[in-house]
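Asker: model the following, please.
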Amino acid sequence: MKNQNKTVTKSMALLTLFRQHEELTLQEMVKLSGIPKTSAHRMVGALIEMGFLQKEKDGRYSLGMLFLEFGQLVSERLDIRKAALPVMQKVNRETGEAINLVVKDQLEAIYVEKLEASHPVRLYTKIGRRSPLYAGACPRIILAYTEETEQQAYIEKANLIPFASGTITSKEKLLQSLHRSRIDGYTISFSELENDTVSVAAPIFDYKNSIVGGISIAGPETRFQKDQFPFYINKAKEAGKTISKNLGCQSFPF
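Answerer: Okay, here's the model as predicted:
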């Protein structure tokens, strides 16, 4: 049983590599994982047989179609997604901009649903994209309402790497932003994950009144004029509250 557990752990280590790489050769998997080539070759064969990996014509490997099926099942079974989608569709119609739904996954934020903007120029954020909690409006609004002890531990350990010209890289500035967000009930990001983009986000709470996600209205900076921000802020906060009520939240901290 112990050896089986090690095999499962190593197999997961190989699969995890594909979160950052679309395709890999066996040699690249060996180098990145540190698993001996013989063991890696055996595990890759088993993963292909089970449908978790597939071998391309050029000999490289990629994730198998089974992940698409699993991903669809996980997406369909997320209560927050079901509760949020009708609200997202309404805000999408009212604003014409992209609407993102983000949840927390350990020390990261993950995009679990997105509706595209009606404009020709769009942001191409993919469902399944991950982001650190300090960068971007949606991830940061989640961090803002995360329990204080957990929030402090995260900030102490976080390495604030810049992703774009507006990424917050100062812990003092991050703390100020989080404090302001809790007071206001929303946050705005300017070029934090991608240059020349704006995102306005509000929190989503569950029946325990605990933060479970965030919803944002996002688009190119050229379409977000200063006099429009009250409109976007109001729409984001209304959407966050409606989704929260759909999840059983009875009271809001702002």
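Asker: can you give me phi and psi for D105?
Answerer: Phi and psi for D105, reported as degrees, to the nearest 10, are phi -130, psi 100.
Asker: in the sheet, who's paired with it?
Answerer: As for beta bridges, D105 partners with E108 under DSSP bridges.
Asker: okay but it is in contact with P132, surely?
Answerer: No: under the criterion of C-beta atoms under 8 Å, D105 is not in contact with P132, lying 11.4 Å apart. For every residue, glycine as well, the C-beta is placed using N, CA and C.
Asker: that's a strand at I215, yeah?
Answerer: Yes: under DSSP: H, G, I helix; E, B strand; the rest coil, I215 falls within a strand.
Asker: for it, which residues are in contact?
Answerer: Residues counted as contacts of I215 (C-beta atoms under 8 Å, 6 or more residues apart in numbering) are 84, 87-88, 91, 99-102, 138, 201-202, 204, 236, 239-240, 243.
Asker: D105 and P132 - which one has more neighbours?
Answerer: Set D105 next to P132 and count neighbours by other C-beta atoms under 10 Å: P132 wins out with 20 against 11.
Asker: looks like the more buried one contacts I142 (just checking).
Answerer: No: contact criterion C-beta under 8 Å: P132 and I142 do not qualify, at 11.0 Å.
Asker: overlap in contacts, the two.
Answerer: In contact with both P132 and I142: A109, using C-beta under 8 Å, 6+ apart.
Asker: for Q176, see how far away I183 is.
Answerer: Note on I183: its distance to Q176, by C-beta to C-beta, to the nearest Å, is 11 Å.
Asker: typo on my end, V200
Answerer: 18 Å.
Asker: go on, A202?
Answerer: Note on A202: its distance to Q176, by C-beta to C-beta, is 19 Å.
Asker: cool, T149 as well?
Answerer: For T149, the distance to Q176 - C-beta to C-beta - is 19 Å.
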